[in-house]
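Engineer: Sequence and predicted structure below; questions after.
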Amino acid sequence: MDTNQGIIHKICHLYTDSKDDYHDLFQEIILQLWKAFPQFRGEAKISTWMYRIAFYTAMTNLRKSKKNIVDIHDSIPDISQDENSREEDEMIIQLKTAISKLPKIDMAITLLILEDKSYKEISEITGLTENTVGVRINRIKKKLKQLLTDGTGTN
């Protein structure tokens, strides 16, 4: 749990918009992981299994609360660790804003891609087939390109 708790934090940041909701979701995910652990068969990596439980718990919580994601900018990793020029910084901000306008499942898939997850891992986490993941990623790319080209990816 200690080794992979960053997964839980990422999911909590992504699917909550207040500190209280964050803590509630974090505790709910820990509870669901604890309940599900006896059924863990080791067929997937523990991190993939944890991501899937956390993802489904967050999606269930989101549906119950009917809340939308307010700001995911902290959940999207920075593209570069070097000092960026103003233009690069602006492009990163536009990309993050465009990603935040995607449907929740597409946003989650995009973040998993940015974390270098394979189609197989994304499939295991989301419950979608690998083919569906590939199709969705192609559609996401087109949508992001449209948002960025139209200028609707800006604040």
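Structural biologist: Cool, got the structure.

Engineer: how about the helices of the chain, start to end?
Structural biologist: Counting by DSSP state H, the chain has helices at residues 5-15, 19-36, 46-65, 86-100, 104-114, 119-126, 130-150.

Engineer: any chance of these in CSV, with mean neighbour count and mean pLDDT too?
Structural biologist: Any C-beta I mention is one placed from the backbone N, CA and C, and that applies to glycine too. CSV is the format used below for these (neighbours: other C-beta atoms under 10 Å; pLDDT from 0 to 100):
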stretch, mean neighbour count, mean pLDDT
helix 5-15, 20, 85
helix 19-36, 15, 93
helix 46-65, 18, 84
helix 86-100, 16, 80
helix 104-114, 19, 86
helix 119-126, 20, 89
helix 130-150, 14, 93
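
Engineer: quick one: contacts for Leu148?
Structural biologist: Going by C-beta atoms under 8 Å, 6 or more residues apart in numbering, Leu148 touches 94-95, 98.

Engineer: Distance to Thr57 added to those, as JSON lines?
Structural biologist: What follows is the contacts of Leu148, written out as JSON lines (distance: C-beta to C-beta, whole Å):
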{"residue": "Gln94", "distance to Thr57": "31"}
{"residue": "Leu95", "distance to Thr57": "27"}
{"residue": "Ala98", "distance to Thr57": "27"}
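
Engineer: No more questions from me, cheers.
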